[in-house]
Structures are given as C-alpha cells and as structure tokens.
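Q: Requesting a structural model of the entry that follows:
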Amino acid sequence: MHLRDILERRRMVRNYTGESVPRETLERIVATVRRAPSGGYSQGQRLLVVDDPEVVAGLASDENPNLEPWFTTAAAHILVLTREEDYHDRYRKADKLQDGEEIAWPAPFWYVDAGAALMLILLAAIDEGLSAGVYGVPVEEEPRVRELLGIPDDLKIVAGVTVGHGAPDPEWSKRSSRSTQRRRAIDEQVHWNAW
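A: Have a look, this model is predicted:
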C-alpha cells in the first residue's frame with residue numbers, strides 16, 4: 001500500500017468487531033517506534049501494549065454505559081509513553097552541550113517525538129489492514145491506569161491508541177467532531193515563505 005492510500009483511510013475509529021489481532025501483527029506495528037524521529041537520538045519513547053482481554057476490561061472500567069463500547073472491543077491498546085529524562089541525559093553529553101550547558105528546549109521534544117511515534121502506530125495499523133483511534137487518559141484516571149499497568153513514575157502517559165478490526169461507526173460517532181466540524185482548507189493550514 002502506498003502512503004497516499006494509507007492517508008486516505010486514516011481516521012479515528014471508535015468501534016471494533018472484537019476479533020483478536022495476532023501478536024506478530026501487533027509486534028510489526030509497535031516496531032515502528034524504532035523508526036520514529038528522536039531529538040538527538042534520545043530514544044525516549046516507550047510503548048506499552050495491552051492485548052489481554054481482562055486487562056483491557058480493566059482499562060475500560062469507566063466506559064460510558066450510554067455509548068456503544070469501543071474500549072473493550074478493540075483487540076489491543078497501545079499506550080504511548082515518554083521518558084523526559086532520556087532527553088536531558090542525552091543533551092548533557094559533551095557533543096550536545098552549548099557553552100557547557102544543556103540547550104534551552106524550544107519545545108518539549110519528548111512530547112514531539114511521542115506524537116511522531118503515535119502517528120507511525122496509526123499508519124502501521126492501517127498498513128496491516130486494521131483500524132485505530134487515539135484517546136487521552138484523563139488526569140483523574142492516570143493513577144488508576146498506572147497502578148493497573150505497573151507504569152514507572154519516570155514515564156509520562158502521552159496517549160493511548162486502540163487497534164483492531166474496525167466495525168461500522170456507532171450512532172454516537174455521527175455526533176462527533178469529524179461529523180460536525182468542517183475540515184479546514186489547505187490554505188488555512190499551510191503558508192509558504194512567510195505568514
């Protein structure tokens with residue numbers, strides 16, 4: 001499949017058939033993290049794959065009973081994590097110091113790189129003939145998720161990605177942003193040579 005074909009199929013999926021995905025397929029999807037951009041080759045991205053149905057059910061303990069379930073019907077959840085200290089460790093090395101100091105980070109590249117890794121997961125899922133959707137872990141839910149999954153304190157949860165065999169859009173999805181908001185025109189998003 002060509003990238004343009006993959007991009008045509010890319011959308012956030014919130015409904016899955018419940019069919020499992022082979023471990024080998026998930027391994028190919030998450031292996032893309034090794035090709036993700038990484039500031040200074042800091043490699044601070046981490047992924048946590050949850051494909052045990054009981055653990056997935058634990059993640060979904062707060063699923064809204066008024067909506068069709070999507071957390072529990074996904075074959076797997078891939079949590080994208082980042083370790084900020086990997087970036088500081090790397091940029092405190094002699095070849096990265098500027099005037100003997102770590103750089104002043106213009107943006108937290110640990111999140112930038114995690115976002116790039118997340119996008120590779122989404123595209124790799126489509127390349128495997130699967131669907132995927134991104135979700136955030138609410139601040140009030142983070143302690144419960146950390147405890148459930150044993151996530152170390154030095155890792156920050158950036159987002160979760162559901163992966164599986166897509167099912168038709170649920171009724172509530174028709175009221176979502178994708179259906180109610182227009183896609184911005186390219187000239188609203190891209191400028192050339194000057195603003």
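Q: wait, isn't Q45 in contact with E84?
A: No. Under the criterion of CB atoms under 8 Å, Q45 makes no contact with E84, lying 11.2 Å away. All C-beta spots, glycine's among them, are computed from the backbone N, C-alpha and C.
Q: start to end distance for stretch 25-42?
A: Start-to-end span of stretch 25-42 (CA to CA, to the nearest Å) is 26 Å.
Q: An error on my part: the question was meant for stretch 135-148.
A: Stretch 135-148: ends 17 Å apart by CA to CA.
Q: looking only at pLDDT, what's the mean for it?
A: Stretch 135-148 carries an average pLDDT of 93.
Q: can you pull the buried residues of it?
A: Judged by neighbour count (16 or more other CB atoms under 10 Å), stretch 135-148 contains these buried residues: 135, 137, 145.
Q: Can you tell me which of those residues is closest to D153?
A: Distance to D153 across these (CB to CB) is lowest for V145, with 13.1 Å.
Q: how close does the closest one get to Y135?
A: 11 Å (CB to CB, to the nearest Å).
Q: One more: Q98?
A: Taken as CB to CB, the span from Q98 to Y135 is 38 Å.
Q: residue contacts, R28?
A: Neighbouring residues of R28 by CB atoms under 8 Å, 6 or more residues apart in numbering: 124, 128.
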